[in-house]
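Trainee: Below: sequence and its predicted model.
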Amino acid sequence: MATEVTAALPVTRGERRAVIALTAAFALLLTLWAFLTPMFAAPDEAAHFDAAEQLALGKGWPAPGDMDLLKTTYVEQGQSTNVAAADRETVAQLTAENPGNHDFVNQMSQHPPTYYGVGAVVLKAIGFFHLRWDIGVMALRLMDVVMLLPLPFLTWATVRRVTRSPRTAIVGVLALFAVPQLAQIGSSVTNDAPVIVLGAVISWLAARALTGDHRWRIVVWLGVAVAAVCSVKGTGLPTVPFVAIALLVAGHGTLSWGARIGRTAVAGAIVAAAGSWWWIRNLVLFGTLQPDGVSAVRQDKPWGRETSANFGEFMNVEWDRLTSSFWGQFGALRYPMTQILTDSLTVIALAVIVGWAFRRTAQRSTAIVLLVLPALTLVIQLQNNFSSYDDTQLIAGAQGRYLFIGLVPLIAVSAIAWRNLVTSAPERGRVGSFALWGFPVIGLYGLTVAYRGFYENTHLQVTVAGLGRLVNLTPAGRYGFVVVLLLAAVAGVWALVEARRNLLLRDAPLHSSIDPTSPTPKRNLTS
(Lines give C-alpha, C1' and ligand atoms only; values in the text may rest on other atoms or scores of the structure.)
Protein backbone atom coordinates (compact mmCIF):
# COMPACT_ATOMS: atom_id res chain seq x y z
CA MET A 1 0.00 0.00 0.00
CA ALA A 2 1.30 3.42 -0.95
CA THR A 3 0.42 6.70 0.66
CA GLU A 4 -0.49 9.57 -1.63
CA VAL A 5 -1.14 13.13 -0.48
CA THR A 6 -3.33 15.14 -2.85
CA ALA A 7 -4.66 18.64 -2.55
CA ALA A 8 -8.43 18.94 -2.38
CA LEU A 9 -10.32 21.55 -4.32
CA PRO A 10 -10.93 24.42 -1.91
CA VAL A 11 -14.37 25.85 -1.38
CA THR A 12 -14.30 29.43 -2.64
CA ARG A 13 -15.86 32.36 -0.85
CA GLY A 14 -18.32 32.77 -3.71
CA GLU A 15 -19.39 29.16 -3.43
CA ARG A 16 -20.00 29.56 0.29
CA ARG A 17 -22.11 32.66 -0.40
CA ALA A 18 -24.15 30.74 -2.95
CA VAL A 19 -24.86 27.88 -0.54
CA ILE A 20 -25.82 30.33 2.22
CA ALA A 21 -28.06 32.29 -0.15
CA LEU A 22 -29.76 29.11 -1.43
CA THR A 23 -30.27 27.92 2.15
CA ALA A 24 -31.84 31.25 3.11
CA ALA A 25 -34.11 31.14 0.05
CA PHE A 26 -35.12 27.54 0.83
CA ALA A 27 -35.87 28.36 4.47
CA LEU A 28 -37.97 31.39 3.60
CA LEU A 29 -39.78 29.50 0.86
CA LEU A 30 -40.79 26.86 3.40
CA THR A 31 -41.79 29.61 5.84
CA LEU A 32 -43.96 31.17 3.13
CA TRP A 33 -45.62 27.79 2.54
CA ALA A 34 -46.18 27.44 6.30
CA PHE A 35 -48.14 30.69 6.44
CA LEU A 36 -49.87 30.18 3.06
CA THR A 37 -51.26 26.70 3.76
CA PRO A 38 -54.49 26.74 5.81
CA MET A 39 -54.39 24.90 9.10
CA PHE A 40 -54.51 21.10 8.65
CA ALA A 41 -54.48 21.40 4.85
CA ALA A 42 -51.36 19.24 4.47
CA PRO A 43 -51.47 15.41 4.39
CA ASP A 44 -52.43 13.94 7.81
CA GLU A 45 -51.50 17.21 9.53
CA ALA A 46 -54.44 17.19 11.93
CA ALA A 47 -53.53 13.69 13.12
CA HIS A 48 -49.85 14.59 13.52
CA PHE A 49 -50.67 17.71 15.52
CA ASP A 50 -53.26 15.88 17.60
CA ALA A 51 -50.68 13.24 18.57
CA ALA A 52 -48.20 15.90 19.76
CA GLU A 53 -51.02 17.76 21.51
CA GLN A 54 -52.07 14.61 23.38
CA LEU A 55 -48.53 14.07 24.65
CA ALA A 56 -48.31 17.72 25.70
CA LEU A 57 -51.54 17.25 27.66
CA GLY A 58 -50.11 14.16 29.39
CA LYS A 59 -52.39 11.61 27.73
CA GLY A 60 -49.67 9.07 26.96
CA TRP A 61 -49.11 6.87 23.89
CA PRO A 62 -51.76 4.15 23.44
CA ALA A 63 -51.38 1.00 21.35
CA PRO A 64 -51.88 1.33 17.57
CA GLY A 65 -55.55 1.81 16.81
CA ASP A 66 -56.43 2.75 20.40
CA MET A 67 -55.76 6.50 20.23
CA ASP A 68 -58.82 8.56 19.33
CA LEU A 69 -58.72 12.12 18.05
CA LEU A 70 -59.26 14.78 20.70
CA LYS A 71 -62.61 16.55 20.45
CA THR A 72 -60.54 19.73 20.67
CA THR A 73 -58.68 18.82 17.48
CA TYR A 74 -61.97 17.98 15.76
CA VAL A 75 -63.30 21.46 16.57
CA GLU A 76 -60.01 23.03 15.48
CA GLN A 77 -60.41 21.35 12.10
CA GLY A 78 -63.84 22.90 11.79
CA GLN A 79 -62.43 26.37 12.50
CA SER A 80 -59.47 26.02 10.11
CA THR A 81 -61.27 27.38 7.04
CA ASN A 82 -64.34 29.04 8.57
CA VAL A 83 -63.01 31.19 11.42
CA ALA A 84 -60.60 34.09 10.98
CA ALA A 85 -57.27 33.58 12.72
CA ALA A 86 -57.85 36.53 15.06
CA ASP A 87 -61.14 35.03 16.26
CA ARG A 88 -59.92 31.51 17.02
CA GLU A 89 -60.19 30.27 20.58
CA THR A 90 -57.43 29.12 22.89
CA VAL A 91 -56.74 25.44 23.51
CA ALA A 92 -57.92 25.93 27.11
CA GLN A 93 -61.28 27.31 25.96
CA LEU A 94 -61.80 24.54 23.41
CA THR A 95 -60.82 21.84 25.90
CA ALA A 96 -63.26 23.17 28.50
CA GLU A 97 -66.05 23.30 25.93
CA ASN A 98 -65.16 19.97 24.27
CA PRO A 99 -63.61 17.57 26.79
CA GLY A 100 -62.58 14.05 25.94
CA ASN A 101 -61.99 12.29 22.63
CA HIS A 102 -63.91 12.09 19.39
CA ASP A 103 -64.90 8.68 18.03
CA PHE A 104 -62.30 8.77 15.28
CA VAL A 105 -59.04 6.78 15.29
CA ASN A 106 -55.76 8.68 15.17
CA GLN A 107 -53.43 6.16 13.55
CA MET A 108 -50.22 7.98 14.54
CA SER A 109 -49.64 5.79 17.61
CA GLN A 110 -48.45 3.14 15.15
CA HIS A 111 -45.26 5.23 14.93
CA PRO A 112 -42.59 5.76 17.59
CA PRO A 113 -43.49 8.73 19.82
CA THR A 114 -40.10 10.41 19.22
CA TYR A 115 -41.17 13.20 16.86
CA TYR A 116 -44.36 13.84 18.80
CA GLY A 117 -42.45 14.00 22.08
CA VAL A 118 -40.22 16.73 20.63
CA GLY A 119 -43.33 18.52 19.38
CA ALA A 120 -44.93 18.25 22.80
CA VAL A 121 -41.86 19.85 24.40
CA VAL A 122 -42.11 22.76 21.93
CA LEU A 123 -45.84 23.18 22.63
CA LYS A 124 -45.32 23.24 26.38
CA ALA A 125 -42.36 25.61 26.03
CA ILE A 126 -44.53 28.25 24.31
CA GLY A 127 -47.44 27.75 26.73
CA PHE A 128 -49.72 26.56 23.92
CA PHE A 129 -52.62 25.72 26.26
CA HIS A 130 -53.38 29.39 26.82
CA LEU A 131 -52.70 30.53 23.26
CA ARG A 132 -54.88 30.44 20.16
CA TRP A 133 -54.78 26.84 18.90
CA ASP A 134 -53.35 27.85 15.50
CA ILE A 135 -50.26 29.31 17.22
CA GLY A 136 -49.41 25.80 18.37
CA VAL A 137 -49.80 24.46 14.83
CA MET A 138 -47.54 27.20 13.48
CA ALA A 139 -44.94 26.50 16.19
CA LEU A 140 -44.67 22.88 15.04
CA ARG A 141 -44.67 23.89 11.37
CA LEU A 142 -41.75 26.23 11.98
CA MET A 143 -40.04 23.53 14.04
CA ASP A 144 -40.10 21.35 10.92
CA VAL A 145 -38.80 24.22 8.79
CA VAL A 146 -35.83 24.48 11.15
CA MET A 147 -35.30 20.71 10.91
CA LEU A 148 -34.99 20.97 7.14
CA LEU A 149 -32.51 23.87 7.17
CA PRO A 150 -29.49 21.58 6.58
CA LEU A 151 -31.03 20.04 3.44
CA PRO A 152 -29.50 22.47 0.88
CA PHE A 153 -26.03 22.08 2.42
CA LEU A 154 -26.31 18.28 2.54
CA THR A 155 -27.44 18.21 -1.09
CA TRP A 156 -24.58 20.47 -2.17
CA ALA A 157 -21.98 18.52 -0.18
CA THR A 158 -23.19 15.14 -1.49
CA VAL A 159 -23.35 16.16 -5.15
CA ARG A 160 -19.99 17.94 -4.94
CA ARG A 161 -18.48 14.87 -3.33
CA VAL A 162 -19.65 12.36 -5.93
CA THR A 163 -19.22 14.54 -9.04
CA ARG A 164 -16.24 16.64 -7.87
CA SER A 165 -17.87 19.60 -9.60
CA PRO A 166 -18.76 22.80 -7.70
CA ARG A 167 -21.06 23.96 -10.49
CA THR A 168 -22.98 20.68 -10.56
CA ALA A 169 -23.35 20.88 -6.78
CA ILE A 170 -25.05 24.27 -7.07
CA VAL A 171 -27.44 22.85 -9.69
CA GLY A 172 -28.16 20.00 -7.28
CA VAL A 173 -29.32 22.46 -4.64
CA LEU A 174 -31.48 24.26 -7.21
CA ALA A 175 -33.22 20.94 -7.88
CA LEU A 176 -34.78 21.13 -4.40
CA PHE A 177 -36.83 24.11 -5.61
CA ALA A 178 -38.25 22.00 -8.46
CA VAL A 179 -40.11 19.73 -5.99
CA PRO A 180 -42.92 21.93 -4.57
CA GLN A 181 -44.34 18.97 -2.63
CA LEU A 182 -41.14 18.96 -0.59
CA ALA A 183 -41.82 22.57 0.39
CA GLN A 184 -45.36 21.86 1.55
CA ILE A 185 -44.44 18.69 3.43
CA GLY A 186 -41.38 20.34 4.99
CA SER A 187 -43.47 23.25 6.23
CA SER A 188 -46.30 21.22 7.74
CA VAL A 189 -46.67 19.29 10.98
CA THR A 190 -45.40 15.83 10.03
CA ASN A 191 -42.98 13.17 11.19
CA ASP A 192 -41.70 13.06 7.60
CA ALA A 193 -39.58 16.16 8.28
CA PRO A 194 -36.94 14.47 10.47
CA VAL A 195 -37.01 11.42 8.19
CA ILE A 196 -36.18 13.61 5.18
CA VAL A 197 -33.26 15.40 6.82
CA LEU A 198 -31.87 12.25 8.45
CA GLY A 199 -32.08 10.48 5.09
CA ALA A 200 -30.01 13.33 3.65
CA VAL A 201 -27.45 13.04 6.47
CA ILE A 202 -27.14 9.30 5.92
CA SER A 203 -26.76 9.76 2.16
CA TRP A 204 -24.04 12.38 2.62
CA LEU A 205 -22.10 10.20 5.05
CA ALA A 206 -22.50 7.17 2.77
CA ALA A 207 -21.25 9.22 -0.19
CA ARG A 208 -18.17 10.19 1.80
CA ALA A 209 -17.48 6.56 2.66
CA LEU A 210 -17.99 5.46 -0.95
CA THR A 211 -15.58 8.13 -2.23
CA GLY A 212 -12.68 7.33 0.05
CA ASP A 213 -13.36 8.70 3.53
CA HIS A 214 -12.65 5.64 5.67
CA ARG A 215 -12.38 7.36 9.03
CA TRP A 216 -14.11 5.61 11.90
CA ARG A 217 -16.10 8.74 12.70
CA ILE A 218 -18.02 8.25 9.43
CA VAL A 219 -18.96 4.72 10.49
CA VAL A 220 -20.06 5.86 13.95
CA TRP A 221 -22.11 8.77 12.68
CA LEU A 222 -23.77 6.53 10.10
CA GLY A 223 -24.84 4.23 12.91
CA VAL A 224 -26.13 7.14 14.99
CA ALA A 225 -28.07 8.67 12.07
CA VAL A 226 -29.68 5.34 11.12
CA ALA A 227 -30.62 4.71 14.76
CA ALA A 228 -32.19 8.17 14.90
CA VAL A 229 -34.31 7.74 11.77
CA CYS A 230 -35.43 4.26 12.87
CA SER A 231 -36.61 5.86 16.11
CA VAL A 232 -38.89 8.24 14.20
CA LYS A 233 -40.78 6.25 11.56
CA GLY A 234 -40.91 2.91 9.78
CA THR A 235 -40.06 4.57 6.46
CA GLY A 236 -36.55 4.98 7.89
CA LEU A 237 -35.95 1.21 8.07
CA PRO A 238 -34.64 0.94 4.46
CA THR A 239 -31.60 2.93 5.59
CA VAL A 240 -30.40 -0.16 7.51
CA PRO A 241 -29.65 -2.35 4.44
CA PHE A 242 -28.59 0.75 2.49
CA VAL A 243 -25.85 1.63 4.97
CA ALA A 244 -24.80 -2.01 5.28
CA ILE A 245 -24.32 -2.21 1.50
CA ALA A 246 -22.52 1.15 1.39
CA LEU A 247 -20.03 0.17 4.10
CA LEU A 248 -19.39 -3.25 2.54
CA VAL A 249 -18.68 -1.64 -0.83
CA ALA A 250 -16.75 1.38 0.50
CA GLY A 251 -13.02 0.78 0.48
CA HIS A 252 -13.06 -1.96 -2.16
CA GLY A 253 -9.45 -2.27 -3.30
CA THR A 254 -8.21 -0.35 -0.27
CA LEU A 255 -9.71 -2.08 2.77
CA SER A 256 -9.82 -5.84 3.24
CA TRP A 257 -13.09 -7.76 3.39
CA GLY A 258 -12.53 -8.31 7.08
CA ALA A 259 -12.10 -4.59 7.71
CA ARG A 260 -15.23 -3.73 5.77
CA ILE A 261 -17.29 -6.39 7.54
CA GLY A 262 -16.00 -5.13 10.89
CA ARG A 263 -16.95 -1.53 10.08
CA THR A 264 -20.41 -2.66 8.99
CA ALA A 265 -20.81 -4.65 12.20
CA VAL A 266 -19.89 -1.62 14.34
CA ALA A 267 -22.49 0.56 12.58
CA GLY A 268 -25.04 -2.25 12.95
CA ALA A 269 -24.32 -2.58 16.66
CA ILE A 270 -24.96 1.14 17.15
CA VAL A 271 -28.27 0.86 15.28
CA ALA A 272 -29.28 -2.20 17.29
CA ALA A 273 -28.40 -0.56 20.60
CA ALA A 274 -30.02 2.83 19.96
CA GLY A 275 -32.56 2.36 17.17
CA SER A 276 -34.26 -1.01 17.63
CA TRP A 277 -36.17 -0.33 20.86
CA TRP A 278 -39.51 0.48 19.23
CA TRP A 279 -39.43 -2.43 16.79
CA ILE A 280 -38.49 -4.95 19.49
CA ARG A 281 -41.38 -3.59 21.57
CA ASN A 282 -43.76 -4.13 18.65
CA LEU A 283 -42.59 -7.71 18.16
CA VAL A 284 -42.99 -8.48 21.88
CA LEU A 285 -46.39 -6.81 22.33
CA PHE A 286 -48.05 -7.26 18.95
CA GLY A 287 -46.07 -9.98 17.18
CA THR A 288 -45.34 -7.79 14.19
CA LEU A 289 -42.72 -5.22 13.29
CA GLN A 290 -45.18 -2.51 12.17
CA PRO A 291 -48.75 -2.72 13.55
CA ASP A 292 -51.44 -1.04 11.46
CA GLY A 293 -53.02 1.91 13.24
CA VAL A 294 -56.19 1.76 11.13
CA SER A 295 -56.69 -2.01 10.94
CA ALA A 296 -59.61 -1.78 13.37
CA VAL A 297 -61.58 0.49 11.03
CA ARG A 298 -60.45 -1.06 7.73
CA GLN A 299 -62.31 -4.19 6.72
CA ASP A 300 -60.85 -6.92 4.54
CA LYS A 301 -62.82 -7.61 1.38
CA PRO A 302 -61.94 -10.93 -0.26
CA TRP A 303 -62.03 -11.21 -4.03
CA GLY A 304 -64.69 -13.36 -5.65
CA ARG A 305 -64.13 -16.60 -7.50
CA GLU A 306 -63.85 -14.91 -10.87
CA THR A 307 -62.05 -11.76 -9.75
CA SER A 308 -58.61 -11.03 -8.36
CA ALA A 309 -56.24 -8.16 -7.77
CA ASN A 310 -55.43 -6.50 -11.10
CA PHE A 311 -51.70 -5.83 -11.14
CA GLY A 312 -51.88 -3.67 -14.27
CA GLU A 313 -54.58 -1.45 -12.79
CA PHE A 314 -52.62 -1.29 -9.53
CA MET A 315 -49.45 -0.11 -11.28
CA ASN A 316 -51.35 2.51 -13.31
CA VAL A 317 -52.89 3.97 -10.16
CA GLU A 318 -49.56 3.85 -8.31
CA TRP A 319 -47.80 5.66 -11.17
CA ASP A 320 -50.39 8.44 -11.27
CA ARG A 321 -50.53 8.93 -7.50
CA LEU A 322 -46.82 8.56 -6.77
CA THR A 323 -45.65 10.92 -9.53
CA SER A 324 -48.28 13.51 -8.70
CA SER A 325 -47.73 13.44 -4.94
CA PHE A 326 -43.94 13.45 -5.36
CA TRP A 327 -43.76 16.65 -7.43
CA GLY A 328 -46.81 18.53 -6.21
CA GLN A 329 -50.28 17.55 -5.02
CA PHE A 330 -51.38 20.03 -2.39
CA GLY A 331 -54.15 20.59 0.13
CA ALA A 332 -54.20 17.03 1.50
CA LEU A 333 -53.71 15.79 -2.10
CA ARG A 334 -56.67 17.72 -3.54
CA TYR A 335 -54.87 20.22 -5.76
CA PRO A 336 -52.35 18.59 -8.12
CA MET A 337 -50.00 20.23 -10.56
CA THR A 338 -50.80 19.35 -14.17
CA GLN A 339 -50.14 15.68 -14.84
CA ILE A 340 -48.43 16.53 -18.13
CA LEU A 341 -45.68 18.26 -16.16
CA THR A 342 -45.33 15.66 -13.41
CA ASP A 343 -45.28 12.76 -15.88
CA SER A 344 -42.76 14.55 -18.08
CA LEU A 345 -40.44 15.36 -15.17
CA THR A 346 -40.61 11.75 -13.95
CA VAL A 347 -39.98 10.19 -17.36
CA ILE A 348 -37.05 12.53 -18.13
CA ALA A 349 -35.46 11.95 -14.71
CA LEU A 350 -35.80 8.16 -14.94
CA ALA A 351 -34.65 7.99 -18.56
CA VAL A 352 -31.48 10.00 -17.86
CA ILE A 353 -30.66 7.94 -14.75
CA VAL A 354 -31.22 4.58 -16.48
CA GLY A 355 -29.43 5.64 -19.64
CA TRP A 356 -26.39 7.48 -18.30
CA ALA A 357 -25.86 7.08 -14.55
CA PHE A 358 -24.22 3.67 -14.81
CA ARG A 359 -21.71 4.25 -17.59
CA ARG A 360 -18.22 2.90 -16.95
CA THR A 361 -16.87 5.90 -15.09
CA ALA A 362 -15.26 6.44 -11.69
CA GLN A 363 -18.69 7.23 -10.21
CA ARG A 364 -20.44 4.08 -11.45
CA SER A 365 -20.28 2.05 -8.23
CA THR A 366 -21.18 5.12 -6.16
CA ALA A 367 -24.26 5.73 -8.32
CA ILE A 368 -25.37 2.11 -8.01
CA VAL A 369 -25.08 2.07 -4.21
CA LEU A 370 -26.71 5.49 -3.72
CA LEU A 371 -29.69 4.39 -5.79
CA VAL A 372 -30.31 1.51 -3.38
CA LEU A 373 -32.05 3.78 -0.83
CA PRO A 374 -34.78 5.28 -3.07
CA ALA A 375 -35.19 2.02 -5.00
CA LEU A 376 -35.62 -0.05 -1.85
CA THR A 377 -38.03 2.51 -0.39
CA LEU A 378 -40.12 2.36 -3.58
CA VAL A 379 -40.17 -1.44 -3.72
CA ILE A 380 -41.23 -1.75 -0.07
CA GLN A 381 -43.99 0.83 -0.57
CA LEU A 382 -45.32 -0.94 -3.67
CA GLN A 383 -45.24 -4.31 -1.92
CA ASN A 384 -47.12 -2.99 1.12
CA ASN A 385 -49.67 -1.20 -1.03
CA PHE A 386 -50.30 -4.25 -3.22
CA SER A 387 -50.70 -6.47 -0.16
CA SER A 388 -53.29 -4.04 1.22
CA TYR A 389 -55.02 -3.87 -2.18
CA ASP A 390 -55.15 -7.66 -2.32
CA ASP A 391 -56.81 -7.77 1.11
CA THR A 392 -59.24 -4.83 0.82
CA GLN A 393 -59.68 -4.16 -2.93
CA LEU A 394 -58.65 -0.57 -2.17
CA ILE A 395 -55.46 1.00 -3.56
CA ALA A 396 -54.14 3.26 -0.81
CA GLY A 397 -50.87 4.51 0.65
CA ALA A 398 -49.36 5.74 -2.63
CA GLN A 399 -47.54 8.77 -1.23
CA GLY A 400 -44.65 10.30 -3.15
CA ARG A 401 -43.45 12.04 0.00
CA TYR A 402 -42.27 8.70 1.39
CA LEU A 403 -39.57 8.74 -1.30
CA PHE A 404 -38.13 12.00 0.05
CA ILE A 405 -35.87 10.01 2.37
CA GLY A 406 -33.97 9.17 -0.82
CA LEU A 407 -34.22 12.60 -2.43
CA VAL A 408 -30.55 13.51 -1.99
CA PRO A 409 -29.35 10.21 -3.52
CA LEU A 410 -31.75 10.74 -6.43
CA ILE A 411 -30.33 14.20 -7.04
CA ALA A 412 -26.74 12.94 -6.74
CA VAL A 413 -27.29 10.04 -9.14
CA SER A 414 -29.10 12.38 -11.55
CA ALA A 415 -26.10 14.72 -11.40
CA ILE A 416 -23.77 11.85 -12.31
CA ALA A 417 -26.05 10.88 -15.18
CA TRP A 418 -26.35 14.40 -16.59
CA ARG A 419 -22.57 14.84 -16.49
CA ASN A 420 -22.17 11.61 -18.43
CA LEU A 421 -24.81 12.73 -20.94
CA VAL A 422 -23.62 16.33 -21.37
CA THR A 423 -19.86 16.31 -21.71
CA SER A 424 -18.83 19.60 -23.32
CA ALA A 425 -18.41 22.80 -21.30
CA PRO A 426 -20.76 24.93 -23.49
CA GLU A 427 -23.53 22.31 -23.29
CA ARG A 428 -23.14 22.01 -19.54
CA GLY A 429 -23.37 25.78 -19.29
CA ARG A 430 -26.67 25.74 -21.17
CA VAL A 431 -28.05 22.96 -18.95
CA GLY A 432 -26.97 24.93 -15.87
CA SER A 433 -28.69 28.07 -17.16
CA PHE A 434 -31.89 26.11 -17.79
CA ALA A 435 -31.77 24.72 -14.25
CA LEU A 436 -31.08 28.17 -12.81
CA TRP A 437 -34.34 29.53 -14.19
CA GLY A 438 -36.40 26.40 -14.83
CA PHE A 439 -36.24 24.83 -11.38
CA PRO A 440 -37.43 27.94 -9.47
CA VAL A 441 -40.19 28.45 -12.07
CA ILE A 442 -41.51 24.95 -11.30
CA GLY A 443 -41.43 25.83 -7.61
CA LEU A 444 -43.35 29.04 -8.18
CA TYR A 445 -45.87 27.23 -10.36
CA GLY A 446 -46.50 24.78 -7.51
CA LEU A 447 -47.01 27.69 -5.14
CA THR A 448 -49.63 29.20 -7.48
CA VAL A 449 -51.45 25.87 -7.78
CA ALA A 450 -51.68 25.66 -4.00
CA TYR A 451 -52.82 29.29 -3.64
CA ARG A 452 -55.52 28.85 -6.29
CA GLY A 453 -56.71 25.63 -4.68
CA PHE A 454 -56.82 27.09 -1.18
CA TYR A 455 -58.24 30.53 -1.91
CA GLU A 456 -59.54 30.83 -5.50
CA ASN A 457 -61.53 27.61 -5.85
CA THR A 458 -58.79 26.39 -8.29
CA HIS A 459 -59.62 29.14 -10.80
CA LEU A 460 -56.73 30.70 -12.72
CA GLN A 461 -57.02 34.11 -11.10
CA VAL A 462 -56.02 36.29 -8.17
CA THR A 463 -58.97 38.14 -6.72
CA VAL A 464 -59.52 40.57 -3.86
CA ALA A 465 -61.83 38.02 -2.25
CA GLY A 466 -59.16 35.28 -2.49
CA LEU A 467 -56.45 37.51 -1.04
CA GLY A 468 -58.83 38.60 1.71
CA ARG A 469 -59.52 34.98 2.57
CA LEU A 470 -55.77 34.33 2.75
CA VAL A 471 -54.96 37.22 5.09
CA ASN A 472 -57.93 36.34 7.31
CA LEU A 473 -56.95 32.70 7.73
CA THR A 474 -53.17 32.97 8.02
CA PRO A 475 -51.89 33.35 11.60
CA ALA A 476 -49.43 35.97 10.34
CA GLY A 477 -52.19 38.43 9.44
CA ARG A 478 -52.08 40.83 6.51
CA TYR A 479 -48.85 42.65 7.32
CA GLY A 480 -47.04 39.62 8.68
CA PHE A 481 -47.75 37.64 5.52
CA VAL A 482 -46.58 40.50 3.31
CA VAL A 483 -43.32 40.66 5.28
CA VAL A 484 -42.74 36.91 4.85
CA LEU A 485 -43.55 37.17 1.14
CA LEU A 486 -41.12 40.06 0.62
CA LEU A 487 -38.35 38.33 2.57
CA ALA A 488 -38.82 35.17 0.51
CA ALA A 489 -38.69 37.19 -2.72
CA VAL A 490 -35.51 39.04 -1.68
CA ALA A 491 -33.83 35.80 -0.61
CA GLY A 492 -34.86 34.18 -3.89
CA VAL A 493 -33.31 36.97 -5.96
CA TRP A 494 -30.13 36.85 -3.87
CA ALA A 495 -29.90 33.07 -4.34
CA LEU A 496 -30.35 33.38 -8.11
CA VAL A 497 -27.63 36.04 -8.35
CA GLU A 498 -25.14 34.03 -6.29
CA ALA A 499 -25.96 30.78 -8.09
CA ARG A 500 -25.56 32.43 -11.49
CA ARG A 501 -22.13 33.78 -10.52
CA ASN A 502 -20.97 30.29 -9.60
CA LEU A 503 -22.46 28.64 -12.67
CA LEU A 504 -20.54 31.08 -14.89
CA LEU A 505 -17.24 29.86 -13.40
CA ARG A 506 -15.51 26.93 -15.03
CA ASP A 507 -14.84 23.91 -12.82
CA ALA A 508 -11.19 23.58 -11.88
CA PRO A 509 -9.61 20.21 -12.74
CA LEU A 510 -9.86 17.75 -9.88
CA HIS A 511 -7.45 14.96 -9.19
CA SER A 512 -7.87 11.99 -6.86
CA SER A 513 -8.86 14.06 -3.87
CA ILE A 514 -10.46 12.27 -0.96
CA ASP A 515 -12.49 15.29 0.06
CA PRO A 516 -13.53 17.79 -2.61
CA THR A 517 -15.62 19.73 -0.10
CA SER A 518 -12.75 20.42 2.25
CA PRO A 519 -10.32 23.34 1.88
CA THR A 520 -7.48 21.34 3.47
CA PRO A 521 -5.37 18.55 1.96
CA LYS A 522 -6.36 15.02 2.87
CA ARG A 523 -4.34 11.82 2.98
CA ASN A 524 -5.54 9.02 0.69
CA LEU A 525 -4.38 5.40 0.72
CA THR A 526 -4.17 3.82 -2.70
CA SER A 527 -2.93 0.37 -3.57
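Mentor: Nice, thanks for sending it over.

Trainee: Might you list the low-confidence residue ranges for the stretch 351-500 of the chain?
Mentor: When residues are selected by pLDDT under 70, none of them lie in the stretch 351-500 of the chain.

Trainee: average pLDDT across stretch 258-277?
Mentor: Across stretch 258-277, the average pLDDT comes to 97.

Trainee: which parts of that stretch are buried?
Mentor: Neighbour counts over stretch 258-277 (16 or more other C-beta atoms under 10 Å) mark Arg260, Arg263, Thr264, Val266, Ala267, Gly268, Ile270, Val271, Gly275 as buried. Placement of C-beta: from N, CA and C, glycine included.

Trainee: Next, work out how far apart the fifth one and Ser203 are.
Mentor: Going back to what we said before, that points to Ala267. Distance, Ala267 to Ser203, using C-beta to C-beta, to the nearest Å: 15 Å.

Trainee: returning to that earlier point: I'd like the buried residues of stretch 258-277 as CSV, with distance to Gln54 appended.
Mentor: Rendered in CSV, the data for these read as follows (distance: C-beta to C-beta, whole Å):
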residue, distance to Gln54
Arg260, 45
Arg263, 41
Thr264, 39
Val266, 38
Ala267, 34
Gly268, 34
Ile270, 31
Val271, 29
Gly275, 24
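
Trainee: So which of the residues you listed sit within helices?
Mentor: Using DSSP state H, the subset of the buried residues of stretch 258-277 located in helices is Arg260, Arg263, Thr264, Val266, Ala267, Gly268, Ile270, Val271, Gly275.

Trainee: Between the residues you listed, which sits nearest Ala46?
Mentor: The shortest gap between Ala46 and any of those belongs to Gly275, at 28.3 Å (C-beta to C-beta).

Trainee: what about the closest residue to Met39 other than its chain neighbours, neighbour count?
Mentor: Using C-beta to C-beta, 6 or more residues apart in numbering and skipping the chain neighbours, the partner closest in space to Met39 is Ser80 (3.9 Å). Residues contacting Ser80 under the criterion other C-beta atoms under 10 Å number 20.

Trainee: Tell me which residues touch Ser80, please.
Mentor: Pro38, Met39, Phe40, Ala41, Asp134, Leu473 (C-beta atoms under 8 Å, 6 or more residues apart in numbering).

Trainee: try it again with 6 Å
Mentor: Under the criterion of C-beta atoms under 6 Å, 6 or more residues apart in numbering, the contact list for Ser80 reads Pro38, Met39, Phe40.

Trainee: Distance check, it against Gln181.
Mentor: Plainly put, Ser80 is 20 Å away from Gln181 if you go by C-beta to C-beta.

Trainee: Figure out how far the longest helix anywhere in the chain is from the centre of its chain.
Mentor: Across the chain, the longest stretch assigned as helix under DSSP H is helix 425-455. Per C-alpha atoms, centre = their mean, to the nearest Å, the displacement of helix 425-455 from the mean C-alpha position of its chain is 19 Å.

Trainee: May I see the buried residues of that helix?
Mentor: Counting neighbours by 16+ other C-beta under 10 Å, helix 425-455 gives 428, 431-432, 435-436, 439-440, 442-443, 445-447, 449-455 as buried.

Trainee: Same check on stretch 369-382?
Mentor: Those would be Val369, Leu370, Leu371, Val372, Leu373, Pro374, Ala375, Leu376, Thr377, Leu378, Gln381, Leu382, for stretch 369-382 by 16+ other C-beta under 10 Å.

Trainee: all strands for the stretch 201-350 of the chain, in order.
Mentor: Listed in chain order, the strands of the stretch 201-350 of the chain (DSSP state E, counting those that start in this stretch) span residues 329, 335-336.

Trainee: To Arg359, which of those strands lies closest?
Mentor: Distances from Arg359 to each of the strands of the stretch 201-350 of the chain were compared by C-beta to C-beta, and the smallest falls on strand 329, at 33.7 Å.
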